[in-house]
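Q: coordinates only, no sequence provided:
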């Protein structure tokens, strides 16, 4: 995972897969260790921003003897087009994977055109 320094804080940029369907887009992001209540999704202007905070207080009384697992917060932004409905975004968190569904506006969906025979 890529890490960025933003405002002197270290954030992990979660890996993401993006799928396009006729009805819209689906984003899947890896956010292990983040609870649903510690995730925030916002659409402002044409940007979808996802913030996640890891709760590391469960280990606050322990001394770390070896670390390979990163415990940074997550942050990722995506530019979204005018084709996307900004209302009705659906998101779910399951097994450390955040899935976000973005619907296309009706006029942006593919249309079947009937061919007439003369």
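A: Right, received. Where do you want to start? Worth saying up front: this structure is predicted, and the values here are computed from it rather than measured. Residues are numbered from 1 along each chain as shown.

Q: for the residue of the chain most remote from its centre, give its distance to residue 112.
A: The C-alpha centroid of the chain is most remote from residue 118, which lies 50.1 Å away (Cα atoms, centre = their mean). Distance of residue 118 to residue 112, given as Cβ to Cβ, to the nearest Å: 20 Å. For glycine as for every other residue, the C-beta is placed from the backbone atoms N, C-alpha and C.

Q: now swap in residue 60 and tell me
A: To residue 112, residue 60 is 58 Å away according to Cβ to Cβ.

Q: on that earlier part again, contact partners for the residue farthest from the centre of the chain?
A: The contact partners of residue 118, taken as Cβ atoms under 8 Å, 6 or more residues apart in numbering, number zero.

Q: which residues of the protein score low on pLDDT?
A: For the chain, residues meeting the criterion pLDDT under 70 lie at 1-9, 58, 69-71.

Q: can we see that at 80?
A: Judged by pLDDT under 80, the chain has its weakly predicted residues at 1-10, 55-60, 67-72, 107-110.

Q: what are the boundaries of the helices in it?
A: Using DSSP state H, the chain contains no helices.

Q: can you pull out the strands in it?
A: For the chain, applying DSSP state E gives strands covering 2-6, 9-13, 16-20, 24-30, 39-44, 47-52, 73-79, 90-94, 97-103.

Q: dig out what residue 90 forms beta bridges with.
A: The partner list for residue 90 in beta bridges (DSSP bridges) reads residue 101.

Q: and the gap between it and residue 49?
A: Distance, residue 90 to residue 49, by Cβ to Cβ: 17 Å.

Q: do the same with residue 98
A: Here residue 98 is placed at a distance of 13 Å from residue 49 (Cβ to Cβ).

Q: more neighbours: those two, which one.
A: Using other Cβ atoms under 10 Å, the more surrounded residue of residue 98 and residue 49 is residue 98, with 23 against 13.

Q: hmm, the more buried one is touching residue 31, no?
A: Yes - the pair residue 98 / residue 31 is scored as a contact, 5.1 Å apart, by Cβ atoms under 8 Å.
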